[in-house]
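J.: curious how this folds, go ahead:
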Amino acid sequence: MARASPGAAGDLPPARRVAALREAIREADHAYYALDAPEVDDSVYDGWMRELAALEADHPDLASPDSPTQRIGGSASDAFEPVVHRAPMLSLANAFTDDEVEAFDRRVREALGVVAVRYACEPKFDGLAVSLVYEDGRFAVGATRGDGTTGENVTANLRTIRAIPLELPAGAPARLDVRGEVLMLRRDFERLNRTQAERGEKTFVNPRNAAAGGLRQLDPAVTASRRLTFRAYGTADASDPHAQSAARAGSAAGGPDAHRSGRHSEVLERLRELGFPVARERETVEGVAGLLGYYRRLGERRATLPFDIDGVVYKVDDLEQQRALGYVSRAPRFAIAHKFPAEEATTTVEGIDVQVGRTGAITPVARLAPVFVGGVTVTNATLHNEDEVRRKDVRIGDTVVVRRAGDVIPEVVRVQPERRPAGAREFVMPSHCPECRSAIERPEGEAIARCTGGLVCPAQRKASLLHFAGRRAMDIEGLGEKLVDQLVDVGRVRTPADLYTLDAAMLSDLDRMADRSAANLVDAITASKSTTLERFVYALGIRQVGEATARELARHFGSLERLMAADAAALTAVPDVGPVVASSIASFFDEPHNRAVVAKLIEAGVRWPEHSGAAVAAGPLAGLTLVVTGTLPTLSRDEAKALIESAGGKAAGSVSKKTAYVVAGEEAGGKLARARELGVPVIDEDGLKSLVAGKEMR
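T.: Residues are numbered from 1 along each chain as shown. The predicted model follows:
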């Protein structure tokens, strides 16, 4: 449990209960993001957050902008405003060899006229540099590095990062400019990529890419979902007269006096006391022997760290010495980054074949003569896509340089053409999937070729089944990932149509499947037979067809037969369906395997009411876009959206100038604020029902 468990809900009056919950949540956040040591289960943490949000809603006078509940993300920004840094955010010079580190130490000693120098050493985080400005103890402005002089205002997004304190304790400077790195822990990166893959969405190459993309989202709620973290590595640079305010504030808070708080290591310690996470791997060392010793020690630990690093940073520890050394161009003379070498090795390509991803992506893979790279023996390396194979001119028989990209995924970096044998063979992309023999197609304008097998491809089968059974698709409650794994692995289910052949006896034979659970699942499968055309189309998992597109297709064609018979030209007549999406839909229904699965689903009794697209288009909300936010008295969010769509309207997820109405319930947040900002009319549930009934709003 967290160090400050808030106890039972009835133990304290509201004000003290709110304070206790906030403290417990902050300590849990600190343990997770700063100490890399989670102390409470997610379910416990989520319970605290729900209780705190409810208390703040019941007692508005207890609400605070610095509450943990306010980190979930405010209203979306249309653009990032520029922020001029009070002191420039400079780059570091790089060293790649021991000799270059020795030369750095020699230059520092000669410039200072001393025999030995003490250095502060830290990991070089592989993330995104940011500046955090605090005024009167509160987080005021956060910005990216940008060009070093001017960055982007990402304050709203940074507020969602739980490792960043929103309020500083007593004794903090009146103004503080903290510099640090936004990054993603490896465990959160792996969780994100699993979720992305399950949703059929793109996965990220490495944590840095995921963190950078998350920080620059226009919707802070997306940033919040990425579970980013932060590490402070200093304050504004030493050339700024206010830069060392963190250290000098030590005496005001009972720490060392200003004259003795003149070291970078002490600045980091003071930042830690103020609540900022700093590198626990930091050390102070003396001389070049100390620098190289730290480099090697951290290099040995690199693979076991909870985050990615690409080197170490050395800084002269004494701040007066830093100021004396100054800067050259856009880099300080008192610091340098000692980069880890990219681990590469040379081997030969014994073959090139393809792998089929869970979304049907076809990836060429080089089969290699075994080679030891980055601590492991590598026998396969990705070639990414057909264009990359051609660009690098990789052939079977070539000698190639292999690198472990991000220390995880081996990749072919380059060919050594001078060592190419006379019989080297070029790669030919297969025309049919090696897993299911369905056609492989490469959509125009895309780099990735894909298997069109969809519902019948073994490589895509589990993901397809989970999508088919999802709440917004066929809504088969109880059919989760572990059960789908079992059903596919034992050969009971190959396509979604096979789900409708299962009975309780079959299911009871599976691991951890009791008779009651089996019966409940059979009931859920039976209930799913009664659905809607838009849900069914979405459930099929056609690439690039989300819920909104499936809805528009159902409205436009009115029946599955007409949709399946439509060619690309007819499909592009549907709102929001362009040539690429039309081609994807047509290709899906052109594939005989997919048509056979659809026929079996219909034969199994899956049905829906057919309707005329013209009737919906003429509804009372035709041509209007509405946004639902908050909790409505009697309608769920999905029911409200369905009501809007049944009347011909469009239910959008964000508020813009094109929004006709915002339907707001209790606990409406950023979307309500955005509506008021744009002057969009706000109505309640009764107002929505009046609109659907054809009554005008006054």
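J.: C-alpha only now, for contacts and for neighbours.
T.: Noted.
J.: quick check on Val130: phi, psi?
T.: When quoted as degrees, to the nearest 10, the phi and psi of Val130 stand at phi -140, psi 160.
J.: now the helices for the stretch 451-600 of the chain?
T.: 458-469, 481-489, 504-508, 515-527, 533-539, 547-557, 560-565, 568-571, 579-590, 592-603 (DSSP state H, counting those that start in this stretch).
J.: so for the second one, what's the average pLDDT?
T.: Just to be clear, that refers to helix 481-489. For helix 481-489, mean pLDDT is 87.
J.: give me the next element, helix or strand, following the lowest-mean-pLDDT helix or strand in the chain.
T.: Using mean pLDDT, DSSP states H and E, helix 245-248 stands out as the lowest-scoring helix or strand of the chain, at a mean of 39. Using DSSP states H and E, the helix or strand that follows helix 245-248 in sequence is helix 264-273.
J.: quick one: name whatever helix or strand follows that next one.
T.: strand 283-286.
J.: which one of the helices of the stretch 451-600 of the chain lies closest to Ala156?
T.: helix 547-557 (28.2 Å; Cα to Cα).
J.: alpha carbons only: can I get that closest one in CSV?
T.: Taking C-alpha atoms only, helix 547-557 is exported to CSV below (Å, rounded to 0.1, in the frame of the first residue of the first chain):
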residue,chain,number,x,y,z
GLU,A,547,-17.5,3.1,-36.2
ALA,A,548,-18.3,6.4,-38.0
THR,A,549,-17.5,5.1,-41.5
ALA,A,550,-19.5,1.9,-40.8
ARG,A,551,-22.4,4.0,-39.7
GLU,A,552,-22.3,6.1,-42.9
LEU,A,553,-22.1,3.0,-45.0
ALA,A,554,-25.1,1.5,-43.3
ARG,A,555,-27.1,4.7,-43.8
HIS,A,556,-26.1,5.1,-47.4
PHE,A,557,-26.7,1.6,-48.7
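J.: dump the helices of the stretch 451-600 of the chain to CSV, plus mean neighbour count.
T.: Formatted as CSV, the helices of the stretch 451-600 of the chain follow (neighbours: other Cα atoms under 10 Å):
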stretch, mean neighbour count
helix 458-469, 23
helix 481-489, 15
helix 504-508, 16
helix 515-527, 17
helix 533-539, 24
helix 547-557, 21
helix 560-565, 14
helix 568-571, 17
helix 579-590, 19
helix 592-603, 16
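J.: can you show me the helices along the stretch 301-450 of the chain?
T.: Using DSSP H, counting those that start in this stretch, helices in the stretch 301-450 of the chain cover 319-325, 386-392.
J.: export the ones you listed to JSON lines and tack on distance to Glu110?
T.: Formatted as JSON lines, the helices of the stretch 301-450 of the chain follow (distance: least, Cα to Cα, whole Å):
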{"stretch": "helix 319-325", "distance to Glu110": "10"}
{"stretch": "helix 386-392", "distance to Glu110": "46"}
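J.: pick the most buried one from those.
T.: With neighbours defined by mean count of other Cα atoms under 10 Å, none of these is more surrounded on average than helix 319-325, at a mean of 18.
J.: can you list contacts of that one?
T.: With Cα atoms under 8 Å, 6 or more residues apart in numbering as the test, helix 319-325 has contacts from 108, 111-112, 238-239, 262-264, 316, 332-334.
J.: tabulate the residues you listed in TSV, adding columns for pLDDT, distance to Val84 and neighbour count.
T.: Shown next, in TSV, are these (pLDDT from 0 to 100; distance: Cα to Cα, whole Å; neighbours: other Cα atoms under 10 Å):
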residue	pLDDT	distance to Val84	neighbour count
Val108	96	30	22
Ala111	94	32	13
Leu112	95	32	15
Ala238	40	18	20
Ser239	36	16	17
Gly262	89	27	19
Arg263	94	27	22
His264	95	24	26
Val316	97	27	26
Pro332	90	20	21
Arg333	92	23	22
Phe334	95	24	25
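J.: can I get the residues you listed in TSV with distance to Asp503?
T.: Converted to TSV, the contacts of helix 319-325 look like this (distance: Cα to Cα, whole Å):
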residue	distance to Asp503
Val108	77
Ala111	82
Leu112	82
Ala238	72
Ser239	74
Gly262	74
Arg263	71
His264	68
Val316	71
Pro332	71
Arg333	73
Phe334	72
